[in-house]
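Student: Here is a sequence with its predicted model. Questions after.
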Amino acid sequence: MPQTNRLTLYNAKGGTGKTTVGINVAGALAQRGKSVCFVDLDPQGNATEGLGFVEIYDLEDPNLLDHLLEADRDPSELVLEHEEFDVIPSNVEMLNAEYELSIDDYEGYPAVEYLDDLLDDLDGQWDYILIDAPPFFGEITDNALYASKNVLIPALTESTSERAVELLLDQIVRLEREEDIFVDEIAAVANRVETNNEAERMKEWMESAFPDIPVFNVRKRVALQRAHSEGVSIFKHEESSDMEAVFLEIADAVIEHFGDTQ
């Protein structure tokens, strides 16, 4: 059975549109004929809500945190069907995840490996697993990066993004050193790009900050917000958008990175 490619979407700065980018990259991969599972690792559950699973977020069982902490459970019971791709939703119990993982780490358990172990049990079921990491540093994000070892970085084209991206890269280096792994940067996405001088300067800065990977520009479009409100990507939304082509380009870059020629 072929191994599933894993990719984390991450920026520790909130409000970057990370979840919207993730959902539309997943939708674009599905458009390219790839099977996808979208993992909402963010305790706030924005992707879970944005994909139409609001009621699932409050379920007591099954929930993602229990499966992270209890290795003997079958993670397939977490998987939900969406019209475009499968979803492992977040849950209100994930609000306790940072504390629980920190305690296990302090007590000597390999807490950073919990998500990796969970996804190993699902390996081969999809072509891609996309992990929506929370917008903060900590144990949950370390789990996402450790499990995927590949990252796609969305950032807004505003000056505050510079420091956020620098801190993110520092965190990746720290994790690599601590766990003796390599986290590959696949692409960066300049998100909600507007036509102004600051946006143009930030686009240039991102290209200089990521000289070895593609930097994509996703312009601010109401269609993206409306699709999110309807629980789908722009590829299933009735309103067409010129950003569909951009997300297909991102999907193609992901496919090329993994050498997925099937």
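Tutor: Noted; the coordinates are in hand.
Student: elements contacting whatever helix or strand Arg174 lives in?
Tutor: Using DSSP states H and E, Arg174 sits within helix 160-179. The contact analysis (3 or more Cβ pairs under 8 Å, 6 or more residues apart in numbering; DSSP states H and E) places helix 160-179 against helix 139-148, strand 150-156, helix 197-209. Quick note: C-beta positions are derived from backbone N, CA and C, even for glycine.
Student: List the neighbours of the second one that are in contact with it.
Tutor: Going back to what we said before, that points to strand 150-156. Strand 150-156 is contacted by residues 5-11, 13, 15-18, 21, 25, 145, 161, 164-165, 168, 172, 183-192, 202, 206, 210, 250, 254, 257 when judged by Cβ atoms under 8 Å, 6 or more residues apart in numbering.
Student: So among the residues you listed, which ones count as buried?
Tutor: The neighbour-count criterion (16 or more other Cβ atoms under 10 Å) marks 5-11, 13, 16-18, 21, 25, 145, 161, 164-165, 168, 172, 183, 185-192, 202, 206, 210, 250, 254, 257 among the contacts of strand 150-156 as buried.
Student: before we move on, what SS does Val87 have?
Tutor: Of the three states, Val87 takes strand according to DSSP: H, G, I helix; E, B strand; the rest coil.
Student: For the nearest residue to Thr141 once chain neighbours are set aside, give me its contacts.
Tutor: Excluding the flanking residues, the one nearest Thr141 by Cβ to Cβ, 6 or more residues apart in numbering is Ala133, at 4.8 Å. By Cβ under 8 Å, 6+ apart, the contact list for Ala133 reads 8-10, 18, 41-42, 140-141, 144-145.
Student: would JSON lines of those residues with pLDDT be doable?
Tutor: Listed next are the contacts of Ala133 as JSON lines, based on pLDDT from 0 to 100:
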{"residue": "Thr8", "pLDDT": "97"}
{"residue": "Leu9", "pLDDT": "96"}
{"residue": "Tyr10", "pLDDT": "93"}
{"residue": "Lys18", "pLDDT": "90"}
{"residue": "Leu41", "pLDDT": "97"}
{"residue": "Asp42", "pLDDT": "95"}
{"residue": "Ile140", "pLDDT": "96"}
{"residue": "Thr141", "pLDDT": "96"}
{"residue": "Ala144", "pLDDT": "97"}
{"residue": "Leu145", "pLDDT": "97"}
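Student: Thank you kindly, that will do.
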